[in-house]
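**Student:** Sequence and predicted structure below; questions after.
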Amino acid sequence: MGILSFFNKEKKDKLDKGLEKTKTNLFSKISKALVGKSTVDDAFLDELEEILVSSDVGINTTLKIIERIQKRVSTDKYMNTSELNSFLKEEIAKLLEENNNDKLSTFENLQGKKPYVIMVVGVNGVGKTTTIGKLANQFKKAGKNVVLGAADTFRAAAVMQLKIWGERNGVKVVEHGMNTDPASVAFDAVKIAVEDQADVLIIDTAGRLHNKIGLMNELTKIKKVMSKIIPDAPHEILLVLDASTGQNAFEQAKQFTSATEVNALALTKLDGTAKGGVVIGIADQFKVPVKYIGVGEGIEDLQIFDRHEFVDSLFN
Amino acid sequence: MFDSLSSKLEKAFKTLKGQGKITEINVAETMKEIRKALVDADVNFKIAKQFTDIVKEKALGQNVLTSVSPGQLMVKIVSDELTSLFGGKTADINITGSPAIILMAGLQGSGKTTHSAKLASYIKKKGKTVMMAACDVYRPAAIEQLKVLGQQIEVPVFFEEGNTNPVKIAENALKAARAENISVLIVDTAGRLSIDEMMMREIGDIKSALKPQEILFVVDAMTGQDAVNTAKAFNDVLDFSGVILTKLDGDTRGGAALSIKSIVNKPIKFVGTGEKMEALDVFHPDRMAQRILGMGDIVSLVERAQQVFDEEEAAIIQKKLLKDQFTFEDFLTQIQQIKKMGNLKDLVGMIPGVGKALKDIDISDDAFKGTESIIHSMTPLERKTPDIINGSRRKRIAMGSGTDIQQVNQLLKQFEEMRKMMRTMNKFQGAGRAMPKLPFMK
């Protein structure tokens, strides 16, 4: 127990540190806006709108939060800084809660699937391959037998990049080399994962912009081919989003979801941006839960997203 | 690319329609809409505010001429302001020096390696010798990636396997470039977060060691509100000379471009518009502003066509057309050239008025696929003399191309009609009328 809580503390520290930029930007601005004010007036609400929008929360979610505050103010009239702080925290926690269920798999619990198949998708440069490298490490640490499938056969040296991650983690990488058919790589990877009795299979795919229909169809095909061996695979279709992306993230989530039924999100590079607000906006606007967040460059800086910790981290 | 922004602005302008003079009252609602559209397009909140203030000031009290509607006048004011915000003129790249050095910098995943190669290919086309240096020693296989791209575009890549000091690699690359009389050296670096002090110091060191002519900040067009801070942080350390805006072929509205330009006041020099090595365009502020407003970008389209089309080949084809010797073989060449120009939807979007109309319609890059495979299934003789393609040949071609006979018939019919049209045009030309030139035929 002692060791466990020590690890949790370490994880929490990392989260705090990774979110430092968001925190200082978002919330110190809010308290600054409130200094010297005893009531919540229009000027403050305007300022709050600016702060939230500037944090990439998104205009719709921002207006939703503002509206709720307005409603509350009209009944309560007076609200001081600490009251407002705790009220904001409540509202944001609620937004995150509405679309996040706690029944997701973890690194330890794979919900009885063997192999548990994860297909990783996203636009170019969000960090798909790196995320897979880190995921493989976490699963391995949890005692799982991992196989990777190199279905990004398009970007120069992508297969090599995944193989290097495979070597680092000591896990098998199924590959057919560059410029081969990604669907057949995926098919073979599932086959080999079954033969090897692997616990987890993670499939890398090439980055693609969500408005290119041909490439999105390819993704649908890659997904379909896996179900020929394991009917309910892939169990997890993980959309990787770059936290520094602006409003386009919403369009990405929409298009990828319609092509592949995305059921989990990973937000990367949260430590580099002051705008972690995108997490709040996405959690509010989408039915797909945020499952992993990347808060640093280290191999263990990829965490399973815990909304309570996230909100605590933002407000403390 | 900026489709959604232009359609939103259009909606904003609608409220102005049918009014004689721009006043405080009729402009207020429009400004709010413009600001919302800009923020929604990822333009920094403060910059959007400044922008609408300027536009408002310019617009107020303007008499609306009888010939233009207030909406049109507003479009002009907004367009002018956008253009001036983007820097007014096109900024060229500086490649004087022996060698001229271009340093690439940016966040992870912004597209530095890909754009190092695109830029190398672009400069090589200008007749210069180019070398790339692989200084990303951190991301697995980054060096390998640059090597593969270098092979594709036939540009040498300097790398040092096992050397983990990017500054040293850069210095050695410069020595190698000098020894080989290379005229432009492009230095690819690792992606780094602007808050990572150690990594920022490293790129500062590379800069001092090389004294590059150009430092290009590579940034993802989809970046959100943080674009301003990131650009500022990189500029503080590097004082970069220009920006490459990547992934503009997505559907992002690209408001980050506006923010970056106005916060660091450095020109956007290039935009990346696709995964192909040719998908790099010079940034044209005026065209971009017009594009934002849905006014199309016909100039870019023509230029892109000129760049890709082989003039000699075009001349040969034109001659064949005139002499009625146009074959399926030539047709195939033409299709391939059009495909080289990049994403079809992008091309169509550059035609004024069309971009908006086709906003939600998908044009697949595979549009030519059926046609191509039908031609591929023909024998050389059939391609040259389509008249010999009889029923059984048609059947075979349909089978071979995975299409059906109707499709083959259709293509043959279209082809025949095209030739007929050419014959008619030739007659017209004989009668003293010029043959209408297609933009890609000189």
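**Tutor:** All right, it came through fine.
**Student:** All the strands of the stretch 151-300 of chain A, residue numbers only.
**Tutor:** A:172-174, A:200-205, A:236-242, A:264-268, A:290-294 (DSSP state E, counting those that start in this stretch).
**Student:** Put together TSV for these, with distance to chain B on each row.
**Tutor:** Placement of C-beta: from N, CA and C, glycine included. Shown next, in TSV, are the strands of the stretch 151-300 of chain A (distance: least, Cβ to the nearest Cβ, whole Å):
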stretch	distance to chain B
strand A:172-174	12
strand A:200-205	12
strand A:236-242	6
strand A:264-268	8
strand A:290-294	10
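**Student:** Now do the contacts for the residue nearest the centre of chain A.
**Tutor:** With distances taken as Cα atoms, centre = their mean, residue A:266 lies nearest the centre of chain A, 2.0 Å away. Contacts were defined as Cβ atoms under 8 Å, 6 or more residues apart in numbering or on different chains; by that measure residue A:266 touches A:131, A:238-241, A:290-294, A:302.
**Student:** Compare the strands of the stretch 151-300 of chain A and give me the one nearest residue B:219.
**Tutor:** Among the strands of the stretch 151-300 of chain A, strand A:236-242 comes nearest to residue B:219, with 12.0 Å by Cβ to Cβ.
**Student:** Next, count neighbours for the closest residue to chain B within the stretch 201-316 of chain A.
**Tutor:** Taking Cβ to the nearest Cβ, chain B has its nearest neighbour within the stretch 201-316 of chain A at residue A:246, 2.6 Å off. Look at residue A:246: counted by other Cβ atoms under 10 Å in any protein chain shown, it has 31 neighbours.
**Student:** what's the burial count for the closest residue to it other than its chain neighbours?
**Tutor:** Closest residue to residue A:246 apart from its sequence neighbours, by Cβ to Cβ, 6 or more residues apart in numbering or on different chains: residue B:224 at 2.6 Å. The tally of other residues near residue B:224 (other Cβ under 10 Å) stands at 30.
**Student:** cool, residue A:142 as well?
**Tutor:** Residue A:142: 15 neighbours (other Cβ under 10 Å).
**Student:** May I have the phi/psi pair for it?
**Tutor:** When quoted as degrees, to the nearest 10, the phi and psi of residue A:142 stand at phi -80, psi 10.
**Student:** can I assume it is in contact with residue A:108?
**Tutor:** Yes - Residue A:142 is in contact with residue A:108 according to Cβ atoms under 8 Å; the separation is 4.8 Å.
**Student:** Pick out the residue in the stretch 151-300 of chain B sitting closest to chain A.
**Tutor:** Residue nearest to chain A within the stretch 151-300 of chain B: residue B:224 (2.6 Å; Cβ to the nearest Cβ).
**Student:** if I look at that residue, how far off is residue A:47?
**Tutor:** Residue B:224 is 20 Å from residue A:47, where distance means Cβ to Cβ, to the nearest Å.
**Student:** likewise residue B:155?
**Tutor:** Taken as Cβ to Cβ, the span from residue B:155 to residue A:47 is 51 Å.
**Student:** One more: residue B:376?
**Tutor:** Residue B:376 sits 63 Å away from residue A:47 when distances are taken as Cβ to Cβ.
**Student:** What count of nearby residues applies to residue A:104?
**Tutor:** There are 17 residues near residue A:104, going by other Cβ under 10 Å.
**Student:** which regions of the stretch 151-300 of chain A sit below the pLDDT cut-off?
**Tutor:** For the stretch 151-300 of chain A, the stretches with pLDDT under 70 are A:272-276.
**Student:** need the helices for it, in chain order.
**Tutor:** For the stretch 151-300 of chain A, the helices defined by DSSP state H, counting those that start in this stretch occupy A:158-169, A:182-195, A:213-226, A:248-260, A:277-285.
**Student:** In JSON lines, list the strands of the stretch 151-300 of chain A along with distance to residue A:91.
**Tutor:** Shown next, in JSON lines, are the strands of the stretch 151-300 of chain A (distance: least, Cβ to Cβ, whole Å):
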{"stretch": "strand A:172-174", "distance to residue A:91": "44"}
{"stretch": "strand A:200-205", "distance to residue A:91": "35"}
{"stretch": "strand A:236-242", "distance to residue A:91": "23"}
{"stretch": "strand A:264-268", "distance to residue A:91": "20"}
{"stretch": "strand A:290-294", "distance to residue A:91": "17"}
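**Student:** Can you tell me which of those strands is most buried?
**Tutor:** With neighbours taken as mean count of other Cβ atoms under 10 Å in any protein chain shown, the strands of the stretch 151-300 of chain A reach their highest mean count in strand A:200-205, at a mean of 30.
**Student:** That strand pairs with which strands, parallel or anti?
**Tutor:** strand A:116-121 (parallel), strand A:146-151 (parallel) (DSSP bridges).
**Student:** so the first one versus strand A:264-268, what angle?
**Tutor:** It stands for strand A:116-121. On the basis of axes from the mean of the first three to the mean of the last three Cα atoms, to 10 degrees, strand A:116-121 is oriented at 60 degrees to strand A:264-268.
**Student:** Output the helix or strand where residue B:381 lies as CSV - backbone C-alpha positions only.
**Tutor:** Per DSSP states H and E: residue B:381 is located in helix B:380-384. The C-alpha coordinates for helix B:380-384 follow below in CSV (Å, rounded to 0.1, in the frame of the first residue of the first chain):
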residue,chain,number,x,y,z
PRO,B,380,-0.3,-0.2,-77.1
LEU,B,381,-1.8,-0.7,-80.5
GLU,B,382,-5.3,0.0,-79.1
ARG,B,383,-4.1,3.1,-77.4
LYS,B,384,-2.7,4.4,-80.6
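**Student:** pLDDT of it, averaged?
**Tutor:** If you average the pLDDT over helix B:380-384, you get 88.
**Student:** I'd like to know which elements it is packed against.
**Tutor:** helix B:328-340 (3 or more Cβ pairs under 8 Å, 6 or more residues apart in numbering or on different chains; DSSP states H and E).
**Student:** packing partners for the helix it packs on?
**Tutor:** Using 3+ Cβ pairs under 8 Å, 6+ apart as the contact test, the elements touching helix B:328-340 are helix B:311-322, helix B:369-376, helix B:380-384.
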